[in-house]
Structure formats: structure tokens, C-alpha cells
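**Student:** fold the following.
(chains A and B)
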Protein chains: 2
Amino acid sequence: MASDTMPPPIDQMAATILDDSPDSSALWAQFSDRVLIKTIVSRSDGGGGLAGQKVRVGGWVKTGREQGKGSFAFLELNDGSCPANLQVIIDKEVSSLEQLVQTGTCIYVQGELKKPPEGTKQKVELRVEKVIDVGPVDPAKYPLPKTKLTLEFLRDFVHLRPRTNTISAVARIRNALAYATHTFFQKHGFLYVHTPIITTSDCEGAGEMFQVTTLFSDAEKLEKELKQHPLPSESEIETAKLLVREKGDIVTQLKSAKASKVEISTAVSELTRAKDSLARLEDRSKLKPGLPQKDGKIDYSRDFFARQAFLTVSGQLQVEGFACALSSVYTFGPTFRAEHSHTSRHLAEFWMVEPEIAFADLKDNMNCAEAYVKFLCQWLLDNCLDDMEFIVKNFDKSAIDRLKMVASTPFKRISYTEAVQLLVNVTDKKFEKKVEWGIDLASEHERYLTEVIFKKPVIVYNYPKEIKAFYMRLNDDTKTVAAMDVLVPKVGELVGGSQREERYEVIEKRILEMGLPLEPYDWYLDLRRYGTVKHCGFGLGFERMVLFATGIDNIRDVIPFPRYPGRADL
Amino acid sequence: MASDTMPPPIDQMAATILDDSPDSSALWAQFSDRVLIKTIVSRSDGGGGLAGQKVRVGGWVKTGREQGKGSFAFLELNDGSCPANLQVIIDKEVSSLEQLVQTGTCIYVQGELKKPPEGTKQKVELRVEKVIDVGPVDPAKYPLPKTKLTLEFLRDFVHLRPRTNTISAVARIRNALAYATHTFFQKHGFLYVHTPIITTSDCEGAGEMFQVTTLFSDAEKLEKELKQHPLPSESEIETAKLLVREKGDIVTQLKSAKASKVEISTAVSELTRAKDSLARLEDRSKLKPGLPQKDGKIDYSRDFFARQAFLTVSGQLQVEGFACALSSVYTFGPTFRAEHSHTSRHLAEFWMVEPEIAFADLKDNMNCAEAYVKFLCQWLLDNCLDDMEFIVKNFDKSAIDRLKMVASTPFKRISYTEAVQLLVNVTDKKFEKKVEWGIDLASEHERYLTEVIFKKPVIVYNYPKEIKAFYMRLNDDTKTVAAMDVLVPKVGELVGGSQREERYEVIEKRILEMGLPLEPYDWYLDLRRYGTVKHCGFGLGFERMVLFATGIDNIRDVIPFPRYPGRADL
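**Tutor:** Okay, here's the model as predicted:
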């Protein structure tokens, strides 16, 4: 094991380096001798100050070339901790070089950090003294050669694509946004609540949901079992019935003959056995292969949860229960839509951040959403600038400027009615969908508001009640509800939220108005029956935020394992 | 909206208080005027130093009583931010008191913090000047009266139970453990990866999995549709065929008659329309109500993902792909088992933390697991001591001592072979399952090792290969694999992990030995084909950790929405 074979000085060296690192990754030294490449090359001196130190590093070769007539090799090594590679030099005396220079080779090495000759780009390079492990690659077969590959091509290799510069940068940005999310809410006193994935409620009252079942596997098991042990025949059951009758007769006879207790109890237990055996046979004879049916329909009372169960489309309703007890809460988890959308903006499985705040109204909600989105942008500028620079260079020139603008500009806030007015007056663009009061704003309208009219994030609030969900609070005008959407350049709607209807009579009426049944929402109405509280919340589509930050075009490239109609690789 | 009606001085007061708070919840003032009760009562001076300040607070009344012949009321107010209540005093001149004193009433009030008379328990109390909102409760109907309720009873009220002292304390401890988890791994340079929830791989090769499908809803939709638009009859199809023939004849005639281009093209387009219409009818006539079948089996190629899909039992295999690219990663998400377990230790939906580390072996894995578990325990001592004190008082006297012991004691590490030796020699206890080399250690054995023999956490490593999964690295003895389990007092196994088999030939042989098919693991073998790397990882059952921390007996009480056979409320 590593530290058994590890010469003591390197251990200490690694610890020294790590202590010098600005974050607390020094702790890493508690359980590994390896130094992350980030710890070396992301220093303010580019790693130059570490010259003379001995370290162990591991990674995958990005590019390699033999030099000096094969006497040594230069490798660009990357371990995924940052976009930058570490330049590594290996002499042929240390290791045979032919395999090491192949793109995709994995190496784990130790050596000394040195200052490269003046005039080179690198501030530090590693001169290898020992190759600890090599994971070779056959360049003729490796699916990810050095040449530039399209993101679409890479979708067929979700298990290997994190080795590419783009997907690894996106993974680090996504990671940063996730931790920033937790940090923001924790700092503000919100409690993280795990809302259920499998649910028997339907939040929207209309969503296309995936069903969760064990009926198919139960039916398969039964089928197998019936092949091994066929159903009892009628004659088997008749025989078993006969036996019960015989054993019963014996008991009766013994009793009337006043036989000994021992004799009677023996006979009784034989009778019991015969009865049990008959009951088992009769039970088995009722088994039917295939899915369980009742009145010509699938009998879901035989399913795992004794009823139909689905994958959640939102944790909102459930997290409201926690907000009406713990006052400031949030959930961050996977959500699902079984929609047959083949667009670049939809996934069947995606992640949502959903805070819910008690003792708060729509304005507090907007304040919270604005503070959160700004915090995310500033976090990336503070913690992921190297990855953002890669993005700017390769995908979206304006990505960093966009983050800076959002982090520093107050969001414009306008009512839906004002927004419609502005859009109706637009003359320089013809929208596909005509704008009039009452319509659900389409992406083209939302993007025009934020990208063209205001050139900054816009919060649109107070939407017509007809186009919004039953749980949104009815405004005093009785025409609009206290809903709000945050629109940002590049993706349009990033956040959708509302103040929730806390008045029992009003929400009950709204449920009925919308033609929904009351019974499934009875628990939800309890929150209004007992100690009701003004509260609000919103949802941020996490992949939307990654799209916004990176400017990547297709949502399938910003989630590790995209799920969409016809595809669920791995 | 709140800040419109808010008198300016209070705003500033709130900000002052918040600036004084030790954590950064000052930021809260950005988007709410409310002060969390925690911010007042969790100060080192118990809030006494805040006397004279004006604040707004909200919460639910735990207990209330009218005093001084109904001239004022004392309320114990809790907002879920901490276990402690704030004592609130309201004069009858400010509000009618009858409703306010009912347990469960929600109030949002503003007033002045005051020092209570000498000799009282509280260090601060709030004298209310204005009641902003009240959410009343009918005490005759409220399901959670003041009397003590059992945890089992509360399981029927998952939407209201966070209002109880116990469930809210558990929620805060759970929240703290989740954020501690992210903080630990982020500080150590691990990247958070969202592994898929819907999967087409089966990690364990044997697990009982939930199936995810849209076949039932598709069949329902089809059935409805067929009721509205019945299948075409044979005569309809015959008529359509006839029309195609007629239109075809017309085209032929016109062509041979050398009719005008316009005439011909009109006839051709009529023919095309007739053909399209026939094709649609023929397609529809193939529709069959019910689930799609092929060769007597369900045709899963017609399901949403064009194949069978399941809920994940572990993100390990998928996160390995990221470890073999980004070197240090972890996943933290929901996992599922469709097992008909009715025990106090099993759930159908539960959360798992699964780090995966490249360039690391079993010893590094043990170091990481030990550092992580210690970090979690210390975090609770540092951040949740008030909740832990509640737990000690009400559930488990030794809970805090247990955390301190685990945080400060080096874990004992013994091989499986040594563990078996120790257990075989036990004379003071008879195990239900006999111990001999080769058995899977049962909970009784694990708990005996950690609770009786070592009285501290124990890591058992190098298990017989026969009882472990195919992906665990074969040791040089060819009998054991590099697996490890962390056992802790109270719950037994808390962590299970292993070094993964990185050698292509060895893992291929292991898959075949275990009677598993190679094809589904082809992508997993790619990780060994191309740039393979020594790596390891483990899984921590998050609810197990909450059980360990709180000493609560039933796992259904430490997850917000428990799912188990027959139950998936909400």
C-alpha cells in the first residue's frame, strides 16, 4: 500500500506544499501521498516557488512526444483537478518511453519539481525519478484520439468523455455551482431537506410522469416459479380435500370413543397439517401468470407501494411542509419529466434547486432569487476562473462578461402586464407567437426582454392566474397571481417561483376551479388548516444555470449522464 | 410587501443584530426583515445583550398561557432554526389572546427584546408591539396536540411531523451532516458528480430494482384515444384502397392522354393524399390496446428509453468513469432497493455518499473513510451541539460521548481473517449465526467487534472473494479481495468500500466466474482497457449515519419521507 513503499521525505514535502495552498486541501495529506496538479499549477507563482520539492502526481497524458533522439520525453499530464496540465519530463533511463507518450495513457509518478529554462511558457515542470504505475492505451483502439471531437460524438462515450477538456471543465463548473448552492443557503440559515424521489403526489396536477413499479419483475418471478412448480391440478386439490375429511373423521371417531388425550392430539395435529396443506394448494391455484388484474385493470394494490407511484416532478409541495415548520428550507435533487421532447433544452432527468421560505412574500422571494443567482455568478468568478477562461476561449466569448454583469447589476423588475405592454410595442422584430395579455410568454419573448430591451436579468411578476398553478397566491386584483420568473440572457427563464396561497378558502376554491380533485391535496390543505403562514419559494433548473454559465448549446452536454427519449446510457 | 410596511428603525436593528452573529447569516438581511430565533437565543450571552433591540420574528407556538387574569400571555415560540424557543409576551391591548395561546398557532410579530426579571431561565424575551400575521389552529382538530406523541404515530403525519421537537432536531442534524459531507470532500479537492437515478446498468448484478416505465400511461392514453376514435373497420380500409386505385387510374389516364402539367400534378397530389390517408388508416389498424407485446413478452423497445430502465442501486460504477478522468470525485444522491424488508434498518429509497479516488489503494481508502467519519462527528459537536443535547436528554444518553469518541479515537484496523479468529474465540456470547472463515459477518458479529471487543470503530478488510462483488480487487493470496467495512457502535456497518479491480484480464475473469454476462459491462471494461488506474471508493449510507448520530431506533424517522413496502406517503 502506498505509504508502505513511500520514502518518508516525499511525505513531508507533500505536506509542505499543501500547507502553502490557499484552500484547506492540506487535509488531503491525511490520507494520500498524491499531490493534485491544481495544487501545483494554480498557485499565484504558477508553481515556480515549488522548484526543488519532491512530489507524487498521477494523471492521463494529453499529449506526449519523444525528444533528443528518444533520450527523453515531454508529457502534458492532466488529473482533472484543473484545466491546466503539468509538464512532465521522463528520461529513457527511468522508463521506456514509447507507451508513455500515447494520448490517454495513465501514469502515476514521483519526481522533483524544477524551474524550466527561461522563455518557456510553464513556470514549473516535473522531472520524473520513478514511474510507480502505468495504465497503457492502444492508440489504434482508443476512442478519444488527440484530434478535436464534437460534443455530439462524445455523447456516445459518456463513460470516457470526462477525459476531454470541455466535459471536464463543465464538470468542475457544475461542481462549483452545486457547492455554491449549498453554501449560499446554509449561510442564510436554510435547512437542506431531502424531498422524496418516488412520490404518490403530482405537484403540477398535469405533468407527464414516469411510473415506478415492481409488477413486471414480480410477474417474471412468478412465471419462472410456475415453470418449476406448476399450479396444482384439480385432482390434487380433491385428494387434499379428501385427506382433510378423512383426518376429520378420525378425530370425531376418537373423541366419541373417548380415546386417550395423546391419541386425540396426534390426530388433531394431523388434521391441522392436512388443512394447512389444502389451504396452500388452494392459495397457489389462485395464482395467475402475468400482471395482476382487478375488474379488467391493472391491480396496483399488488405493486410495491400498494398503489401507483411515480418519479417526482418537483419537491415543492413536500418541502412546503417543512417550510411550515422549519421556516427556511431548500431541496436540491433530481426531478423527472416523461416528455417526448427532443430539444436541446429538455432532459427526462434533471436537477432542481427549490428553496421555500416562511414569513415571506413575493418581494422577499425576488430578493432571495436575485441574491442567489448573483452569488452563483460571483462564486464562479472567484473559484472557477481558469475553467471560465477555457470556456471563453473555446465556446462563448462573452461567458465571463455575462457572469460579471449578472453578479453586479441590479435585476430589472417589471409586472407581467408591463412586460406585455413592452413586447406589444416592439416593432423591430416579429415574434412567432403573437403577444397579448393572457398568453404564456414564450422563450422568444423572454429572451427579447432580457437580451434586447433591458440587456440584463429581468424579473417578471404577477402573471394571469389562468396560466399558472393552483398553489400560487391570488392577488387582490383577482386576475393575477403572485408568481415571478427570473429571465437571463442566453437561456431565458432560469428561475420560476411564487408566493404560495396560504388562505384555506382561497386555495380550496382554486383547486376546484381548475378541475382538480381535493382528496390528493388534503395533506397540503392541512398546512393551511393548522397554523398557516405566508410563504414563498422558487425553483432553479440546475442544468439551465450550467448552460447559462458555460454558453454550451445542448443540455445533454452539461449533465454527466443525460436521459432523453430513447437514451439512458449506463 | 414586507419592506414597504416595515418601519425603517427595525430594519437597521435587524441588520445590527445580524452583523453581530458569528456565522455569515448577516446576508439574510439582504432579502428578509425577519430575524431567525437561532440568531437571538444561540448567542453566547443567550440573547441578553440584545435587550432594547427591535426585531421581527415568526414561528409556531409550542405552549402558551394567559396570565394576570387575561391581561397578557406568555408564548414559547419556535421557528425551526434551533431547538430553543423564544419567550414572547403579548398584552391583550396588542391582540386578542385566546387564539394565540393555542399550541400550533403561527404568529409573525414585531417588538422589543427585553431582559426578563432576575431569576428566570431565559436570558431574553420579546415584548410584542404588533402582530403582523396569525395562522390559527382549532385545538379540537389539530393532530399534534401538546402531549407527547410516539414517533410511530407521527409517521402517519409526515407533512406535519417536522413541527415536533424530535423530528425538527433530526432534520437539523441531517442537514448538518449533508453540508459537512460536501464541505469535507470539497476541501479535499473532490468533485461532486451527479450520477444517474434512472439507469440501464445493474451495479450489484443481483439487486432488487424498481423499474421505471411509461408503458402503463401510454396504454391508458391509447385506450382513451381508441374510445374517442375507434380503430378503422375493414370496410373503411377497403374504401381507402379503392380510392387509391381510382386516383392512380386517373393519373395513368391523364398521362397517357398527355394532359396538361397542371391537370396531371393536381391528380398526382390527390393520389398522394389518398395514399397518405390509407397509410394512416393501416397504421392505426395495427394499434392494439394494452401493453405492447412482441413474441409473447412485453415489448420494451416501445418504452420511453427504448429498453428496460431501473432506479439506481448505487452510483459507483458510473462515478468510477469520472474518477478515471477527474481523479477525486464523489456522488451524494438517492438510491433504491425494491426489497420487501419491513425492518427498522431498511428503506426502499435512501441516500448514499460515494467517493471514488484514483491513484489510491485500500489503505488510502481506509484513511479517507476514517477522516470523513471523524469529520462528520466533529462537525456535529461544533455546529449542532444544542440539537445533540436535546437528543441526549430525550433519546440516547451516550450520543454526544459516542461522537466525541469517534472523532478522537484512531479506528482499529483488522483483517477479516483476524476478525473471524477473534469471534470464534468468544465464549461469553452465543451468536445466532455460527462464525467460521468464509461467512458474511452478520450485524451481531459486527456490533460485537466494535461495541464489546474494541469499544471503538473498527475497520475490517480483506474479505473472502466469494462473498463480495466482482469489481473488488483480488489480493495476491487469490482468496480475498481488497474490501473494507467500517463498523461503529450502535449501527454496525456504516461504510462499505473496496479497491476496485483495475486489471483488465482479472476483472474479465471475475465477471465470468460469477456467471455474469460481459456485454452490459463492456463500457466498464473500457475503463480498464484505456489508461487504467488503481482506484478505490466506498459508500456511506447517509441514514445509517443519522441513526448513529442520534441513536434513534427506526430509520423511518430519520428521513423526511420514508418509503417502504406498502407506504409512499405524499
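
**Student:** quick check: which element contains A:D485?
**Tutor:** Assigned by DSSP states H and E, A:D485 belongs to strand A:480-488.

**Student:** what's the next helix or strand after that strand packed up against?
**Tutor:** Note on strand A:480-488: by DSSP H and E, the next helix or strand toward the C-terminus is strand A:492-500. Judged by 3 or more CB pairs under 8 Å, 6 or more residues apart in numbering or on different chains; DSSP states H and E, the packing partners of strand A:492-500 are helix A:362-383, helix A:443-447, strand A:480-488, strand A:535-541, helix A:542-550. The way it works is simple: take the backbone N, C-alpha and C, and place the C-beta from them, glycine included.

**Student:** quick one: strand A:492-500 to chain centroid distance?
**Tutor:** The chain centroid and the centroid of strand A:492-500 are separated by 19 Å under CA atoms, centre = their mean, to the nearest Å.

**Student:** next: stretch A:90-103.
**Tutor:** Relative to its parent chain, stretch A:90-103 has a centroid offset of 40 Å by CA atoms, centre = their mean.

**Student:** follow-up on the earlier one: same list, the helices and strands packed on strand A:492-500, but as TSV with distance to chain B please.
**Tutor:** Formatted as TSV, the helices and strands packed on strand A:492-500 follow (distance: least, CB to the nearest CB, whole Å):
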stretch	distance to chain B
helix A:362-383	3
helix A:443-447	23
strand A:480-488	9
strand A:535-541	10
helix A:542-550	8
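
**Student:** take the ones you listed and write them to TSV, including distance to B:K241 and mean pLDDT.
**Tutor:** As requested, those are arranged in TSV below (distance: least, CB to CB, whole Å; pLDDT from 0 to 100):
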stretch	distance to B:K241	mean pLDDT
helix A:362-383	60	96
helix A:443-447	44	96
strand A:480-488	53	98
strand A:535-541	50	98
helix A:542-550	49	98
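
**Student:** between the ones you listed, which gets nearest to B:E519?
**Tutor:** Evaluated over those, closeness to B:E519 peaks at helix A:542-550, with 30.5 Å, by CB to CB.

**Student:** that closest one vs strand A:535-541, what angle?
**Tutor:** If you take axes from the mean of the first three to the mean of the last three CA atoms, to 10 degrees, helix A:542-550 sits at 60 degrees to strand A:535-541.

**Student:** helix A:362-383 and helix A:542-550, what's the angle between them?
**Tutor:** Orientation check (the same axes, to 10 degrees): helix A:542-550 against helix A:362-383 gives 50 degrees.

**Student:** are there helices or strands packed against helix A:542-550, and which ones?
**Tutor:** helix A:165-187, strand A:349-358, helix A:362-383, helix A:385-394, helix A:399-408, strand A:492-500.

**Student:** residue numbers of the stretch 351-500 of chain A in contact with chain B?
**Tutor:** Residues of the stretch 351-500 of chain A lying near chain B by CB under 8 Å from any CB of the partner chain: A:351, A:357-364, A:367-368, A:370-371.

**Student:** including mean neighbour count and distance to A:T239, could the helices and strands packed on strand A:492-500 go into CSV?
**Tutor:** Putting the helices and strands packed on strand A:492-500 into CSV (neighbours: other CB atoms under 10 Å in any protein chain shown; distance: least, CB to CB, whole Å) gives the following:
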stretch, mean neighbour count, distance to A:T239
helix A:362-383, 21, 73
helix A:443-447, 19, 72
strand A:480-488, 25, 70
strand A:535-541, 25, 64
helix A:542-550, 25, 64
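
**Student:** can I get these in CSV including distance to A:V251?
**Tutor:** Putting these into CSV (distance: least, CB to CB, whole Å) gives the following:
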stretch, distance to A:V251
helix A:362-383, 76
helix A:443-447, 81
strand A:480-488, 74
strand A:535-541, 69
helix A:542-550, 71
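
**Student:** nearest to B:T105, of the ones you listed?
**Tutor:** strand A:535-541 (15.8 Å).

**Student:** can you list the strands that the closest one pairs with?
**Tutor:** Neighbouring strands of strand A:535-541 in its sheet, by DSSP bridges, are strand A:349-358 (antiparallel), strand A:492-500 (antiparallel).

**Student:** among those, which comes closest to B:N425?
**Tutor:** Shortest distance between B:N425 and these, using CB to CB, is found for strand A:349-358: 50.8 Å.

**Student:** off-centre distance for that closest one?
**Tutor:** Per CA atoms, centre = their mean, the centroid offset for strand A:349-358 relative to its chain is 12 Å.

**Student:** which positions within it qualify as buried?
**Tutor:** A:E349, A:F350, A:W351, A:M352, A:V353, A:E354, A:P355, A:E356, A:I357, A:A358 (16 or more other CB atoms under 10 Å in any protein chain shown).

**Student:** any idea what the last one is bridged to?
**Tutor:** Each beta-bridge partner of A:A358 is listed here, defined by DSSP bridges: A:H535.

**Student:** doesn't A:E320 make contact with it?
**Tutor:** No. With contact defined as CB atoms under 8 Å, A:A358 does not count as touching A:E320 (9.1 Å).

**Student:** find the residues that touch each one of the two.
**Tutor:** Common neighbours of A:A358 and A:E320 (criterion: CB atoms under 8 Å, 6 or more residues apart in numbering or on different chains): A:H535.

**Student:** quickly check: the biggest strand by length in chain A near chain B or not.
**Tutor:** Across chain A, the longest stretch assigned as strand under DSSP state E is strand A:54-67. Yes. Contact of strand A:54-67 with chain B (CB under 8 Å from any CB) involves A:G58, A:G59, A:W60, A:V61.

**Student:** out of these, the closest to A:A267 would be?
**Tutor:** A:G58 (76.9 Å).

**Student:** if I look at the closest one, how far off is B:D526?
**Tutor:** Going from A:G58 to B:D526 by CB to CB, to the nearest Å gives 19 Å.

**Student:** likewise A:D79?
**Tutor:** Distance from A:D79 to B:D526, by CB to CB: 19 Å.

**Student:** quick one: which of these two has more around it?
**Tutor:** Each of A:D79 and B:D526 has its neighbours counted (other CB atoms under 10 Å in any protein chain shown); A:D79 has more, 27 against 20.

**Student:** please name the nearest non-neighbouring residue to the more buried one.
**Tutor:** Closest residue to A:D79 apart from its sequence neighbours, by CB to CB, 6 or more residues apart in numbering or on different chains: A:G59 at 3.7 Å.

**Student:** may I see the buried residues of stretch A:122-142?
**Tutor:** Neighbour-count burial for stretch A:122-142, with 16+ other CB under 10 Å as criterion, is recorded at A:122-128, A:131-132, A:134-137, A:142.
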